[in-house]
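K.L.:
Curious how this folds, go ahead:
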Amino acid sequence: MSGIVIVGAGQAGFQAAASLREAGAHAPITIVGEEPGLPYQRPPLSKAYLAGKSDAEALSLRPASYLAEHRITLRAGTRAAGIDRAARRLHLGAGGSLPYDHLVLATGARNKALPVPGAALDGVRQLRGLADADRLKADLAAAGRVAVVGAGFIGLEFAAVAAARGLAVTVVEATARPMARAVSREMGAFFRAAHEALGVRFAFEAGVEAIEGTGGQGTGGQETESRVTGLRLVGGETLPVDLVLVGIGVRPNQELAEEAGLAVSDGIRVDAFLATDDPAISAIGDCARFPSPFAQGLSPDGSTRIESVQNAIDQGRSLAARLTGRAAAYAAVPWFWSDQGRHKLQMAGLTAPDDASVVRGSGEAFSVFRFRNGALSGVESVNRAADHMIARRLLAAGTHLTPDQAADPGFDLKALAMRAP
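P.N.:
You can find the predicted model right below:
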């Protein structure tokens, strides 16, 4: 028996392996991952790990003993180079290949590069993996002035950590508000004010023209490494900086699938059961584009690609269920979170920028209920965890909630959610 080969040792790949064993799978399971070491959690990298509240050991999803006990082989530090679909073999970058009965692509995503001069200067960083976080930790210890390009979740989480260290932080964002593609205007305005209270400066509707640096010869005549010194914006303003974090989104790692002739379109195309157009290959996690009942109206075909721990875990479990004879269409409620300073943002559902908003609560603890065509599409909550859990239950059950009910502080949302099947 060739067994199951999983490409990608992130949250989705690891979860698929663990869930397969929990579901009673007896076939050999091999995880192939490019990074060295054990599979680990990524969300804490931009929060607790950078802030020094968590160490590398605490990031591990499971110890090496777990893998051994559950007969899961980890091929760490190994690149997948190609797929021979006819022979059902995965070719490895270092040579050799692995046969498979079923191949799982959990290849994740990679950060988009900033396409401007100077982007390769030392001190221009991205944050995706543990090695990136370790470099940023060292940079933060020596930096005084920091620029963040992109006011998304990673950029703002990093900005909060840097500001808490007393550094001068400027966030440069191409749109008119923070997290514009992910949250409502009301929630964006709250987090803008929260970050400004920490001393963060924002430059909205601003583009980066170039990154400036300095280098040359050291005292002994040797060449010194070029280091970032400034961020030049479109229009001429230059921000003096010691460190730049680029967080302008990600691209799915779909090349392995594309080169093998599988369908891709901003992600590896899968059906409702997470299967590609090859019955021996599935795709899960950040790299997978799948049909979702929560994406109706958001894309022409109702498909989406989600970058979240919840999606990675739930898809890993769903795939394991299918491969062990308990197939069911994947329809989990998408949910997300982001810790920025002392505020926790929690979101459920998938919303569009023009979805209607209804605010419930006030001050530093409120929720924004979003509606599309009169139906609840999602809920954003800050420091209001009960609303988040209610929202997940309402969305999962498809319970009807009107905007007027959401706006009424006397309406019992919990009771409505408890009546949901």
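K.L.:
Check what pLDDT the most centrally placed residue in the chain gets.
P.N.:
Among the residues of the chain, the one closest to the centroid is Glu307, at 4.0 Å (CA atoms, centre = their mean). pLDDT, Glu307: 97.
K.L.:
From Glu35, how far off is it?
P.N.:
17 Å (CB to CB, to the nearest Å). Where C-beta positions appear, they are placed from N, C-alpha and C, glycine not excepted.
K.L.:
and if you look at Thr238?
P.N.:
36 Å.
K.L.:
wait, isn't the residue nearest to the centre of the chain in contact with Ala109?
P.N.:
Yes. Counting by CB atoms under 8 Å, Glu307 does reach Ala109; the two are 6.3 Å apart.
K.L.:
mind checking which helix or strand the residue nearest to the centre of the chain is in?
P.N.:
For Glu307, there is no helix or strand it lies in under DSSP states H and E.
K.L.:
Return the residues in contact with it.
P.N.:
109, 250, 286 (CB atoms under 8 Å, 6 or more residues apart in numbering).
K.L.:
Now do the end-to-end distance for stretch 365-378.
P.N.:
17 Å (CA to CA, to the nearest Å).
K.L.:
So what's the gap between that stretch and the chain middle?
P.N.:
22 Å (CA atoms, centre = their mean, to the nearest Å).
K.L.:
Report the mean confidence score over that stretch.
P.N.:
96.
K.L.:
Spell out the residue ranges of the strands in the stretch 151-300 of the chain.
P.N.:
In the stretch 151-300 of the chain, the strands defined using DSSP state E, counting those that start in this stretch lie at 168-173, 201-204, 208-217, 223-233, 238-240, 243-246, 250-252, 268-269, 281-283, 288-291.
K.L.:
rewinding a little: distance of the residue nearest to the centre of the chain from Ala23?
P.N.:
In terms of CB to CB, Glu307 sits 25 Å off from Ala23.
K.L.:
now swap in Ala320 and tell me
P.N.:
Distance from Ala320 to Ala23, by CB to CB: 5 Å.
K.L.:
For those two, work out which one has more neighbours and name it.
P.N.:
Ala320 (24 against 15; other CB atoms under 10 Å).
K.L.:
How about the contacts made by that one?
P.N.:
With CB under 8 Å, 6+ apart, Ala320 has these contacts: 16, 19-20, 22-23, 25.
K.L.:
Which helix or strand contains the closest residue to it other than its chain neighbours?
P.N.:
The shortest distance from Ala320 to any non-neighbouring residue, by CB to CB, 6 or more residues apart in numbering, is to Ser19 (3.5 Å). Here Ser19, judged by DSSP H and E, is contained in helix 11-22.
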